[in-house]
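> structure, please.
(2 chains)
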Amino acid sequence: MHNTKKNNLKLGFFVAIGIVLFIFGIYYIGSQVNLFSKKFQVSGIFTDISGLKVGNNVRFSGINIGTVSQVQIINDSLVSVDLSIQEGIRQFIRKDSKIEIGSEGLMGNKIVNIYSGNIHTANVEEGDILGTIEVVKIDNILRQLNSSSINTVIITKNVAEITEKINRGEGAFGKIFADESFATNLSKIAKKTASLTENVAEITDKMSKEKGTIGMLLSDTILAKKIYEAGENLQKSTDNLVKITNQVNSGQGIFGEIFTDTTFTSGLSRTGKNLDYTAEKTKILSENLVKITDEINEGQGLINRLIYDTAFADSIEIAVQNVNKGAKEVEEAAKVVKRNWLIRLFSKKEKK
Amino acid sequence: MKLNIRKIFGNKVAKENQDEFDLSRFKNVEKILNEIGGLSRFTNNFFRELFRPPYEHTELLKQAYTIGLSTLPLIGITAFIMGLVLTLQSRPVMAEFGAESWLPGMVSVSIVREIGPVITALICAGKIGSGIGAELGSMRVTEQIDAMEVSGTNPIKYLVTTRVLATTFMIPILVFYSDAISFLGSYIAVNMHGFISFPLFINQAFDALHYNDLIPATIKTFFFGFAIGIISCYKGYFSENGTEGVGKAANSAVVISSLAIFIIDLVAVQLSEIFNIFSF
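Purely as a prediction, here's the structure:
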């Protein structure tokens, strides 16, 4: 009797653990498909669901948040997919969230991905229809791969032709590989480049050690300040220039009139013509002056005699003295005349 | 069995054949049909006695203990090795595809859907079926069953109902144990060639499982248990020809039970495919 009781206890323990294992399995599988959590429904409408089935996972940011609860054909071109999602995730899914059918790797099951929408948009509600992103079809990818492979064939063919030409020494690259003089030139260029880089290195070294103008530019803050001020002044100058040119464009000032006033420019044109005429006349005058001076130099004419002939000059001087003398006499005679009463009479009448 | 063809088709036909039509070539068919008929009647008796009081609780618990708990070590060792070997054998192929991370999922689906229930049922058919067949056969041969009938004890109720019920309910529980221990074996096998934490292993294993894997597999184990119990009891209950018959009964109990397990498995797979009601 005691043994039977013991056996029954063992049996009870055995059965209980067995049932617990079964319940654990049921619960664990159920929790994987969110069977025991509160859920809400949203839908999406696709033209092609690529083999999506009821029970496939729904993911949000890579986390399983629900399952596909129903798939039904609406009409000849649209399929509705209902998603059962955990209630706790509702706060992250917006009304403008998008859903897309994806795949768990190349051989994996189909899944539905939900992409979060704008943060300022309201949260999704029970039964909402979310926007969808159409599935990238494997057929399309394969088609593109096919065209890519065709292009690859063409490219490899071209590369083969190019390498063949290079082997034959044709073209620039062919010369590189076949022409020895080209190689020596290249070697020289390389040497020069090396020396050039050495120089550049030296310069940069000096610059880094704050030597030279550029070094000072890079390191001397006062100089930099001055350059900055110079730049500012330049800026001001250019601003002023801009103002001036604006004034000129708007016809203000003399230059403005020059560039804008047509009457002024026509006057200028006339002045220019007159200047031309004057210049011509001046030219003729200067030519005549040259002739005259030449004649004077050659001893021709009255002026030459005035300059060079001293006797003539003396006689002229005497003549001038005589003229002065005569003029004084005339002056005195005039004074006498003025004092004459008859003439004064007439002059008073005139005054009156 | 020889049948006189004249009695059936008359003299004319017999003259044309100049021979008696020998139906002995259909002996096996007849035997099978007889077995099926007898088993059906026996099953009918079982259900008739099942709901008719008094109920043999004590005997039922004793049989449950014998069938369930005493079989657990054998099932445990077999399940552990099964999980271990299945994982080790699958790993190279999965590694070739770079899909070693799918091993827990693949092994869990294999174990829960098919290997766990079928292997457990086959082991039980071997151990329990032969035991019941031999026990009831020896009781029949030694006329203990006849004595029970004479003494007013219903042998169907006392011997058959208790054993069939015990196998029907104990084998599913043994399958749960078997699945769990197989997972453990698989976990160890996965860790032989790499490292995976136990929580991750369990997550991956259950991630691949759905109710349409677990529920049909569980339901069919009840049928496995029932088939093992009823066939073993039937073979033992109707054993003949002395001690030789006892051996035959034990043997045929195992063979027919095993065959029945595969047939039930086939039907269960087809039905679960057709009525895919647990696809969530």
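> can you list phi and psi of the most centrally placed residue in chain A for me?
Residue closest to the mean C-alpha point of chain A, counted by Cα atoms, centre = their mean, is residue A:235 at 20.4 Å. Note on residue A:235: backbone dihedrals following degrees, to the nearest 10 are phi -60, psi -40.
> for it, what are its contacts?
If you count contacts by Cβ atoms under 8 Å, 6 or more residues apart in numbering or on different chains, residue A:235 has none. For the C-beta atoms, the positions are set from N, CA and C on the backbone; glycine is no exception.
> mind checking pLDDT for it?
In this model, residue A:235 is scored at 90, pLDDT.
> helices along chain B, start to end?
B:5-17, B:27-50, B:57-67, B:72-96, B:103-110, B:116-124, B:130-141, B:144-150, B:155, B:162-192, B:198-207, B:211-237, B:242-274 (DSSP state H).
> and the last one, which residues are buried?
Within helix B:242-274, the residues that qualify as buried by neighbour count (16 or more other Cβ atoms under 10 Å in any protein chain shown) are B:245-250, B:252-254, B:256-258, B:260-261, B:264-265, B:268, B:272.
> then stretch A:205-225?
Per 16+ other Cβ under 10 Å, stretch A:205-225 contains these buried residues: A:207, A:215.
> residues contacting the closest residue to chain A within the stretch 101-250 of chain B?
With Cβ to the nearest Cβ, the shortest gap between the stretch 101-250 of chain B and chain A falls at residue B:173, namely 3.3 Å. Shown in contact with residue B:173 (Cβ under 8 Å, 6+ apart): A:14-15, A:18-19, A:22, B:68.
> which pair in these has the greatest spatial separation?
A:22 and B:68 (14.1 Å; Cβ to Cβ).
> what about those two, which has more around it?
Just comparing residue A:22 and residue B:68: by other Cβ atoms under 10 Å in any protein chain shown the higher neighbour count belongs to residue B:68, 25 against 18.
> just give the nearest non-adjacent residue to residue B:64, would you?
residue B:166 (4.4 Å; Cβ to Cβ, 6 or more residues apart in numbering or on different chains).
> which residues touch that neighbour?
B:60, B:63-64, B:66-68, B:229.
> helix, strand or coil for residue A:5?
Of the three states, residue A:5 takes helix under DSSP: H, G, I helix; E, B strand; the rest coil.
> what about it, how many neighbours?
Residue A:5, neighbours per other Cβ under 10 Å, totals 9.
> kindly report the same for residue B:94.
For residue B:94, using other Cβ under 10 Å, the count is 16.
> helices or strands next to the top strand by length along chain A in the packing?
Ranked by number of residues, the top strand in chain A under DSSP state E is strand A:63-73. Under the contact criterion of 3 or more Cβ pairs under 8 Å, 6 or more residues apart in numbering or on different chains; DSSP states H and E, strand A:63-73 touches strand A:57-60, strand A:79-86.
> tell me which residue in the stretch 151-300 of chain A sits closest to chain B.
Taking Cβ to the nearest Cβ, the stretch 151-300 of chain A has residue A:152 as its residue nearest chain B, at 25.4 Å.
> next, count neighbours for that residue.
11.
> could you list the low-pLDDT ranges of chain B?
Applying pLDDT under 70 to chain B picks out residues B:1-25, B:276-280.
> which bits of it sit near chain A?
Counting by Cβ under 8 Å from any Cβ of the partner chain, chain B comes close to chain A at B:58, B:61-62, B:64-65, B:68-69, B:72, B:99, B:112, B:172-174, B:176-177, B:179-180, B:202, B:206-207, B:209-211, B:213-214, B:218, B:279-280.
> ok, back up a step: and the contacts of residue B:173, which is closest to residue A:311?
Nearest member of those to residue A:311, counting by Cβ to Cβ, is residue A:22, at 161.6 Å.
> mind checking which helix or strand that closest one is in?
helix A:2-32 (DSSP states H and E).
> do that helix and chain B meet at all?
Yes: interface with chain B: helix A:2-32 contributes A:4, A:7-8, A:10-11, A:14-15, A:17-19, A:21-22, A:25-26, A:28-30, A:32 (Cβ under 8 Å from any Cβ).
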